[in-house]
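model the structure of this input:
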Amino acid sequence: MKVKAKTTWDLVYSTEVHGRSLTTLYSRVKYSHDAENILVIKDFHQSIFGAFLTSSVRLSDRYYGNGECFLFSFQPIFQKFDWSGSNNWFIKGNEDSIMIGGGGGRIGLWLMEDLCRGRSDICATFNNIPLTLSKDFSILSLEIWVID
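Just a heads-up that it's a prediction; the model follows:
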């Protein structure tokens, strides 16, 4: 992974500011298509976790992104889950969810359309453990930051 100095972080989507709508999320991030993103989630257990994405989330018929994507969790300490090399299932957005990572019928980070619920499971893409105390979680807040 290349080390790059990034100077600007812009908050482009926040459930606290923009509400809970997948349509609004896609609309807010569409202009940062080629920019790197940090997706940060806080659940009702106060766990903080998310993903570094090499491209913004968007509607797509197939997975996109590259091996610089990773999942992370601060539960109970900071853990980073890099690309395992086993598949290229990095990011996929559709009208009812966002999926990050996959394989074996499991998704590393799965956010439902209402942006109130999600699921984290082990997945082949990142060889991760679930990012939260419980695989199914309720979202307290979600933010997407564009790094430029």
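
when you work out contacts or count neighbours from here on, use the C-alpha atoms and nothing else.
Fine.

for the residue most central in space within the chain, phi and psi?
Residue closest to the mean C-alpha point of the chain, counted by C-alpha atoms, centre = their mean, is Ala51 at 4.1 Å. In terms of degrees, to the nearest 10, the main-chain angles of Ala51 are phi -150, psi 150.

just the one 5 residues further on next, same as before
Backbone dihedrals for Ser56, given as degrees, to the nearest 10, come out at phi -70, psi 150.

which residues of the chain fall in helices?
With helices called from DSSP state H, the chain shows them at 15-18, 22-29.

in this structure, where's the longest strand?
When the chain is scanned for its longest strand (criterion: DSSP state E), the result is strand 136-147.

for it, what is the average pLDDT?
Strand 136-147 comes out with an average pLDDT of 97.

partner strands of that strand, parallel or antiparallel?
strand 9-14 (antiparallel), strand 36-43 (antiparallel), strand 117-119 (antiparallel) (DSSP bridges).

with mean neighbour count, mean pLDDT and distance to Leu71 added, can I get those in TSV?
TSV is the format used below for the strands paired with strand 136-147 (neighbours: other C-alpha atoms under 10 Å; pLDDT from 0 to 100; distance: least, C-alpha to C-alpha, whole Å):
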stretch	mean neighbour count	mean pLDDT	distance to Leu71
strand 9-14	17	95	19
strand 36-43	20	97	9
strand 117-119	19	99	13
